[in-house]
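K.L.:
Take this sequence and fold it.
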Amino acid sequence: MFGNTISMAHKSLDFLWKQQEIIDLNIANVNTPGYKCQSVSFEDIYRKRLMAASKTKDNGKVRQAIDEADCLVYSRDNSGRVDENNVNADVENTKMARTTLHYQYLIQSVTNDVKRYQTAIKAQ
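P.N.:
Predicted coordinates:
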């Protein structure tokens, strides 16, 4: 009924949740000597998989690309601090706010889609 829309939103929410976990971990370790800030990358990977799958016009391939998409967690090695920790709390808090807003937007978008379908079904 919803096609791949709900699946895409679900996968995006999973990625954003993972990103939030990594940001929380970074903030929790802001004063841990030697801790290296971690980041999550998924937008480019996700977009490339979807673009490749959508060229086939096969809905099953798109669904498979959505299901198999994954994120990449990586560490940054640069550090300007004496304790070799490279977490910048201001940067992490900004990323947290952006991730939270993105997550809330997706939830609201899915909720609105479901409401539209419910309205359409009731109208019949």
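K.L.:
need the helices for the protein, in chain order.
P.N.:
Per DSSP state H, the chain carries helices over the ranges 5-28, 43-54, 59-68, 89-123.
K.L.:
Tell me which of those helices sits most buried.
P.N.:
Among the helices of the chain, helix 5-28 has the highest mean neighbour count (mean count of other Cβ atoms under 10 Å), at a mean of 17. Any C-beta I mention is one placed from the backbone N, CA and C, and that applies to glycine too.
K.L.:
got the angle for that one vs helix 43-54?
P.N.:
Taking axes from the mean of the first three to the mean of the last three Cα atoms, to 10 degrees, one finds that helix 5-28 is oriented at 160 degrees with respect to helix 43-54.
K.L.:
Please identify the buried residues of stretch 75-86?
P.N.:
Within stretch 75-86, the residues that count as buried by 16 or more other Cβ atoms under 10 Å are N85, N86.
K.L.:
just checking, what packs against the lowest-mean-pLDDT helix or strand in the chain?
P.N.:
Sorted by mean pLDDT, DSSP states H and E, the helices and strands of the chain end with helix 59-68, the least confident at a mean of 78. Applying 3 or more Cβ pairs under 8 Å, 6 or more residues apart in numbering; DSSP states H and E, we find helix 59-68 packed against helix 5-28, helix 43-54.
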